[in-house]
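Asker: Provide a 3D model corresponding to the input given below.
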Amino acid sequence: MNPTPSEGAARALLRRLFDAAVASAQPALCIPPHLPAPAELGTGRLIVIGAGKASAAMARAVEDNWRGPLSGLVVTRYGYAVPCERIEIVEAAHPVPDAAGLAAAERMLALVQGLKADDLVLCLISGGGSSLLPLPLAGLTLDHKQDVNRALLKSGATISEMNCVRRHLSGIKGGRLAAACHPARVLTLLISDVPGDNPIDIASGPTVPDPTTCADALAVIRRYGIEVPAPVRAVLESGRGESVKPGDPRLAGHEVRMIATPQMALEAAAAVASQSGVTPYILGDALEGEARDVGKVLAGIALQVANHSQPVPAPCVLLSGGETTVTVRGNGRGGRNVECLLAIAITLDGHPRIHALAGDTDGVDGQEEIAGAYLAPDSLTRAWAKGLRPKDALADNDGHGFFEALGDSVITGPTLTNVNDFRAILIEAPTKS
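Answerer: Numbering: from 1, shown residues only. The predicted structure is shown next:
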């Protein structure tokens, strides 16, 4: 496509905002201020462990800024490895776990056995770690974990609800990894990809105590009508899957630091918007709900701004983050960001002064190597000219197919970080007559 000069400028601005959000959460920027001084270790060792889409880049940042001896193991998503010399990097599957992740989790637990009180375990956790550390409780198998994970992803459950279930079926999450490190000290550095930045929901909290229970996990399964294998139900009903609870002495002295969050990313994007002469308004960093419903609401706000200068006047850009959900009913190629954007497009119905971008800051929306997409005022017109029916695409959960056909996909490749969804809706000022 060949955008008009105005449209090209809008597209470029929205992409700069997205790139600024991603750049603000790069481990090379976020890790160094939080590393302990080598003198703090004394005679102890530094062992680095971690999991998530950003964990390899986090490990590299540690190596680049730590002059003393260290060793360790982290697991990241396929394609997200970053070369390291002293920390081993393993790749595994996301969002549905595989045998490579299982083997990495087993090795990680073995690595932290037999530590001493003066040792320090530096745990690097980011989004995606739940799938990358799929060690099941005794009596469960990887197949069980895969079945439950697939069902959760299709159910419409929130990330907090999904992780509640995962923690109570895991041999490593819900504080179990930190407990295995005892009596060593543990410092966890977190890059948040969850609404509310609750540490227990980032990678299902392998190093933090878990206040939720097996009964809570069962409630999620019942709420969404999820069919689970009999051994999974038995683990939850018996209470055998209880996680490490607050107050457990094995976690005493453990420190958690949040080094990058969705709010920080939105603020970075807002700064770029201001520098470009467009007033930014952050609507929220933790928006949840069905992606198509969130899209309708965001479009409604944008229309009120464009048509009535309420609650703020144009020109402006509306920024939001969080993690929406998609209840999968169709057979299309989709992700929560393009689903949300397609709902925005349908509600805006080609408004001439509104542009938008929605993308996942890890570079992967759904299971596609596509971060998200761009929406122009003429997107629906171009779609109809190609024989595409926007409402049919939404019903089929085919956001990627829709925007890819228009040439409007946003492709970044692995961003090596993850601070969740990013949405920007640009509303231009009315043309003076």
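
Asker: what helix or strand is residue 231 on?
Answerer: Residue 231 belongs to helix 230-238 when assigned by DSSP states H and E.

Asker: before we move on, what about residue 263?
Answerer: helix 262-275.

Asker: send the alpha carbons of that helix over as CSV?
Answerer: Taking Å, rounded to 0.1, in the frame of the first residue of the first chain, the C-alpha atoms of helix 262-275 are listed here in CSV:
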residue,chain,number,x,y,z
PRO,A,262,3.8,-1.9,31.4
GLN,A,263,3.3,1.5,33.1
MET,A,264,7.0,2.4,32.6
ALA,A,265,6.6,1.4,28.9
LEU,A,266,3.5,3.6,28.5
GLU,A,267,5.3,6.6,30.1
ALA,A,268,8.2,6.1,27.7
ALA,A,269,5.8,6.2,24.7
ALA,A,270,4.0,9.2,26.2
ALA,A,271,7.3,11.1,26.4
VAL,A,272,7.9,10.5,22.6
ALA,A,273,4.4,11.7,21.8
SER,A,274,4.9,14.9,23.8
GLN,A,275,8.2,15.5,22.0
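
Asker: show me what that helix is packed against.
Answerer: helix 5-24, strand 279-287, strand 316-322, strand 421-427 (3 or more CB pairs under 8 Å, 6 or more residues apart in numbering; DSSP states H and E). Any C-beta I mention is one placed from the backbone N, CA and C, and that applies to glycine too.

Asker: I'd like those as CSV, with mean neighbour count, distance to residue 177 and mean pLDDT appended.
Answerer: Formatted as CSV, these follow (neighbours: other CB atoms under 10 Å; distance: least, CB to CB, whole Å; pLDDT from 0 to 100):
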stretch, mean neighbour count, distance to residue 177, mean pLDDT
helix 5-24, 19, 28, 92
strand 279-287, 17, 26, 97
strand 316-322, 23, 27, 97
strand 421-427, 27, 27, 98
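
Asker: need those in CSV (columns: distance to residue 198).
Answerer: Shown next, in CSV, are the helices and strands packed on helix 262-275 (distance: least, CB to CB, whole Å):
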stretch, distance to residue 198
helix 5-24, 20
strand 279-287, 10
strand 316-322, 13
strand 421-427, 17
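
Asker: which pLDDT value belongs to residue 3?
Answerer: On pLDDT, residue 3 comes in at 55.

Asker: kindly apply the preceding question to residue 154 instead.
Answerer: Each residue has a pLDDT score; the one for residue 154 is 87.

Asker: I'd assumed it was in a helix, is it?
Answerer: Yes - counting by DSSP: H, G, I helix; E, B strand; the rest coil, one finds residue 154 located in a helix.

Asker: the residue lying closest to it once chain neighbours are set aside - how many residues pack around it?
Answerer: Distance criterion CB to CB, 6 or more residues apart in numbering; nearest residue to residue 154, sequence neighbours excluded, is residue 328 at 4.5 Å. When neighbours are defined as other CB atoms under 10 Å, residue 328 has 15 of them.

Asker: can you give the domain ranges for this protein?
Answerer: Per automatic domain parsing, the domain ranges recorded for the chain read 5-24+263-427, 31-260.

Asker: run through the strands of the stretch 1-150 of the chain in chain order.
Answerer: All strands of the stretch 1-150 of the chain, identified by DSSP state E, counting those that start in this stretch, fall at 46-51, 71-77, 87-92, 120-126.

Asker: pretty sure residue 65 sits against residue 32.
Answerer: Yes - under the criterion of CB atoms under 8 Å, residue 65 makes contact with residue 32 at 4.6 Å.

Asker: who are the contact partners of residue 268?
Answerer: 20, 21, 23, 24 (CB atoms under 8 Å, 6 or more residues apart in numbering).

Asker: and the gap between the residue lying closest to the last one once chain neighbours are set aside and residue 26?
Answerer: The spatial neighbour of residue 24 that comes closest, neighbours along the chain excluded (CB to CB, 6+ apart), is residue 268 at 3.6 Å. Between residue 268 and residue 26 the distance, using CB to CB, to the nearest Å, works out to 11 Å.

Asker: check residue 59 too.
Answerer: Taking CB to CB as the measure, residue 59 falls 14 Å from residue 26.

Asker: same question for residue 114.
Answerer: Distance, residue 114 to residue 26, by CB to CB: 34 Å.

Asker: these two - which one has more neighbours?
Answerer: The residue with more neighbours, out of residue 114 and residue 26, is residue 26; 18 against 8, by other CB under 10 Å.

Asker: residues contacting the more buried one?
Answerer: Neighbouring residues of residue 26 by CB under 8 Å, 6+ apart: 57, 416, 417.

Asker: quick check: mean pLDDT across stretch 27-40?
Answerer: The pLDDT scores in stretch 27-40 average 91.

Asker: looks like residue 205 contacts residue 175 (just checking).
Answerer: Yes - here residue 205 lies in contact with residue 175, judged by CB under 8 Å, at a distance of 6.4 Å.

Asker: looking at these two now, which is surrounded by more residues?
Answerer: Comparing residue 205 with residue 175 by other CB under 10 Å, the one with more neighbours is residue 205, at 31 against 25.

Asker: thinking again about what came up before, I figured the residue nearest to residue 154 hits residue 157, correct?
Answerer: No - contact criterion CB under 8 Å: residue 328 and residue 157 do not qualify, at 11.9 Å.

Asker: what pLDDT, on average, does stretch 257-268 get?
Answerer: 97.

Asker: now do the same end-to-end measure for it.
Answerer: Distance across stretch 257-268, first residue to last, is 20 Å (CA to CA, to the nearest Å).

Asker: and for stretch 25-40?
Answerer: End-to-end for stretch 25-40, by CA to CA: 26 Å.

Asker: what comes up buried for it?
Answerer: Residues of stretch 25-40 classed as buried: 25, 26, 27, 30, 31, 35 (neighbour count, 16 or more other CB atoms under 10 Å).

Asker: same question for stretch 252-271.
Answerer: Using 16+ other CB under 10 Å as the test for burial, stretch 252-271 gives 254, 256, 258-270.

Asker: pick out whichever of those sits closest to residue 345.
Answerer: Nearest to residue 345 out of the buried residues of stretch 252-271 is residue 269 (CB to CB; 21.0 Å).

Asker: hang on, isn't that closest one packed against residue 15?
Answerer: No - using CB under 8 Å, residue 269 is not in contact with residue 15; the gap is 10.8 Å.

Asker: pLDDT weak spots in the stretch 201-350 of the chain?
Answerer: Scanning the stretch 201-350 of the chain for pLDDT under 70 picks out no residues.

Asker: in the stretch 301-433 of the chain, which spans are helices?
Answerer: 336-348, 379-385, 390-395, 399-405 (DSSP state H, counting those that start in this stretch).

Asker: residue 280 versus the residue nearest to residue 24, what's the distance?
Answerer: To residue 280, residue 268 is 11 Å away according to CB to CB.

Asker: now residue 23
Answerer: Counting by CB to CB, the gap from residue 23 to residue 280 is 16 Å.
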